[in-house]
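S.K.: What shape does this take:
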Amino acid sequence: MRNLSDLKLENLAVAVDDDGIATVSLNRPTKRNALDAATIEELVDVFSLLPRAGVRACVLRGEGTHFSAGLDLVEHYHADRSAADFMHVCMRWHEAFNKMEYGGVPVIAALKGAVVGGGLELASSAHIRVADQTTYFGLPEGQRGLFTGGGATIRVADLIGKARMIDMMLSGRLYRGQEAVDVGLAQYLVEDSEAKAYEIARAAAQNPPLSNFAICSAISHMQNMSALDAAYAEAVVAGVVNTQEAAKARLEAFAKGTAAKVKPE
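M.R.: Down below sits the predicted model:
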């Protein structure tokens, strides 16, 4: 089995600290971290390996002043792709972003500058999004004669609703600041998005890995099910997670702590 250290990365940088916190950095700052085909393949590789590498949480960030300006339009223009070619490109985007959302490792996106088009599709695949005052969100596909291909119709529409997404694509509307938080594009608005993302990642890393796996994969799966199937799946997952040894130990400590505080009259 390959390890993270075996990967030959050119467009991403990956580091894992002693606490099991991974940092995955988009590393094309001169291109505003635009997503070309090679970057997507690296995302597939990295997020395929993270769950098996002892990683407890991940911060996804961008080098430079922008998170990601989305699809590399220069590459797309020069590639002169057929419809079938681009369909397969989109399928690799879905593969990469599904690895993030369903992989079971908490992914916290530290956002700044442009989070537009495919960059917003990437950010929406993270479990938590932290914006700073420079962050702006957009889906400019309509103005460019394009249509989303990396899951925006699934994830962005789920975050903000169909009507707002259509408005963004038709009119080029941008969201930023508190308004972006209010509509659901980010959960936090702070001065330093990376510092807050690491704070959240370290808090999540304290949870039992099996609990995090369920939170960061089962919930998304259940959203794709009927209510009846989701209720059954939730019960099965709860049965496994809530009887793990780590849960028993924490429940015991909680029970003893509570018992110590409640003294009989």
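S.K.: For this protein, just list every one of the helices.
M.R.: Ranges of helices within the chain are 37-49, 73-79, 83-102, 118-124, 155-160, 162-171, 177-183, 193-205, 209-213, 219-223, 227-241, 245-261, based on DSSP state H.
S.K.: which strands and helices sit next to the fourth one?
M.R.: The elements that helix 118-124 packs onto, with contact taken as 3 or more CB pairs under 8 Å, 6 or more residues apart in numbering; DSSP states H and E, are helix 83-102, helix 155-160. (Each C-beta comes from the backbone N, C-alpha and C, glycine too.)
S.K.: Off-centre distance for the last one?
M.R.: What that stands for is helix 155-160. Computed by CA atoms, centre = their mean, to the nearest Å, the chain-centroid distance of helix 155-160 equals 13 Å.
S.K.: quick one: low-confidence parts of the stretch 1-150 of the chain?
M.R.: Applying pLDDT under 70 to the stretch 1-150 of the chain flags residues 1.
S.K.: burial count for Ala203?
M.R.: Neighbours of Ala203 under the rule other CB atoms under 10 Å: 12.
S.K.: now do Lys162
M.R.: Count around Lys162 with other CB under 10 Å applied: 11.
S.K.: Would you convert the helices of the chain into JSON lines that also reports distance to Lys112?
M.R.: Formatted as JSON lines, the helices of the chain follow (distance: least, CB to CB, whole Å):
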{"stretch": "helix 37-49", "distance to Lys112": "18"}
{"stretch": "helix 73-79", "distance to Lys112": "21"}
{"stretch": "helix 83-102", "distance to Lys112": "19"}
{"stretch": "helix 118-124", "distance to Lys112": "11"}
{"stretch": "helix 155-160", "distance to Lys112": "19"}
{"stretch": "helix 162-171", "distance to Lys112": "19"}
{"stretch": "helix 177-183", "distance to Lys112": "13"}
{"stretch": "helix 193-205", "distance to Lys112": "6"}
{"stretch": "helix 209-213", "distance to Lys112": "25"}
{"stretch": "helix 219-223", "distance to Lys112": "25"}
{"stretch": "helix 227-241", "distance to Lys112": "34"}
{"stretch": "helix 245-261", "distance to Lys112": "35"}
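S.K.: Nearest to Gly20 among those would be which one?
M.R.: In terms of CB to CB, the element of these nearest to Gly20 is helix 193-205, at 5.9 Å.
S.K.: about what we covered before: just name the most buried of the helices and strands packed on helix 118-124.
M.R.: For the helices and strands packed on helix 118-124, average neighbour numbers computed from mean count of other CB atoms under 10 Å are highest in helix 155-160, which has a mean of 20.
S.K.: Check which helices and strands it is in contact with.
M.R.: Going by 3+ CB pairs under 8 Å, 6+ apart, helix 155-160 lies up against helix 118-124.
S.K.: thinking again about what came up before, which one of the helices and strands packed on helix 118-124 lies closest to Leu111?
M.R.: Among the helices and strands packed on helix 118-124, helix 155-160 sits nearest to Leu111 (CB to CB), with 13.3 Å.
S.K.: what's next to that closest one, contact-wise?
M.R.: 97, 101, 120-121, 124-125, 139, 148, 165, 183-185, 223 (CB atoms under 8 Å, 6 or more residues apart in numbering).
S.K.: which residue ends up closest to the midpoint of this structure in space?
M.R.: Ala126 (1.1 Å; CA atoms, centre = their mean).
S.K.: nearest spatial neighbour of that one, skipping sequence neighbours?
M.R.: Ala109 (3.8 Å; CB to CB, 6 or more residues apart in numbering).
S.K.: Glu121 now?
M.R.: Gly150 is the one closest to Glu121 (CB to CB, 6+ apart), at 3.7 Å.
S.K.: how close does the one you found sit to Ala69?
M.R.: 13 Å (CB to CB, to the nearest Å).
S.K.: More neighbours: these two, which one.
M.R.: Each of Gly150 and Ala69 has its neighbours counted (other CB under 10 Å); Gly150 has more, 28 against 23.
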